[in-house]
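Student: Kindly generate the corresponding structure for this input.
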Amino acid sequence: MNIPVNQFPSIEQMTDRLNPGKINKSAVKQLSGIPFSEILKEKQAAGESGELKFSKHANERLASRNIDLTDDQFKRLEIGTKKAGEKGINESLVMVDDLAFIVNIKNNTVITAVNDGEDKVFTNIDGAVIM
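Tutor: Reported below is the predicted structural model:
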């Protein structure tokens, strides 16, 4: 493999050399039509929407435990989730009034919810935020 000094082969050239006949070149050409910066912006916009989601399990717990969140409580839950993320917490207990929520910070998803009448034992968390 002769590579001139201060010049680098393209990805396609290297792929052909390392995996001859194993790559679908039409797929590479289709993907290469979209600039990386555009793909990055799309992914960042989707991740930055900041919309807090509730898992299926959390929705079931909210329904079975008759937990109704007010708009103010929901906003405080979102703020608590954001604060947990800023502190580097991965799985957080977020307390809002007499309600407790386990939130996966990376996925911005409420995993479960507990109200005042339940046992209050929480495992697999690495931080807590009280709002």
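Student: When you work out contacts or count neighbours from here on, use the C-alpha atoms and nothing else.
Tutor: Fine.
Student: and the gap between residue 92 and residue 116?
Tutor: 18 Å (Cα to Cα, to the nearest Å).
Student: Which one's more surrounded, the two?
Tutor: residue 92 (25 against 11; other Cα atoms under 10 Å).
Student: Show the contacting residues for the more buried one.
Tutor: 81, 84, 101, 102, 103, 104, 105, 125, 126, 127, 128, 129 (Cα atoms under 8 Å, 6 or more residues apart in numbering).
Student: Check residue 75 too.
Tutor: Contacts of residue 75 (Cα under 8 Å, 6+ apart): none.
Student: starting at the chain centroid, how far to the helix or strand harbouring it?
Tutor: Following DSSP states H and E, one finds residue 75 within helix 71-86. In this view, helix 71-86 has its centroid 15 Å away from the chain centroid, taken as Cα atoms, centre = their mean, to the nearest Å.
Student: Now, of the contacts of residue 92, which are buried?
Tutor: 81, 84, 101, 102, 103, 104, 105, 128, 129 (16 or more other Cα atoms under 10 Å).
Student: out of the residues you listed, which are inside strands?
Tutor: Applying DSSP state E to the buried ones among the contacts of residue 92, the entries found in strands are 101, 102, 103, 104, 128, 129.
Student: Tell me which two in those are the farthest apart.
Tutor: Pairwise distances across these peak at 12.9 Å for 104 and 129 (criterion: Cα to Cα).
Student: any idea how far residue 75 is from residue 51?
Tutor: 11 Å.
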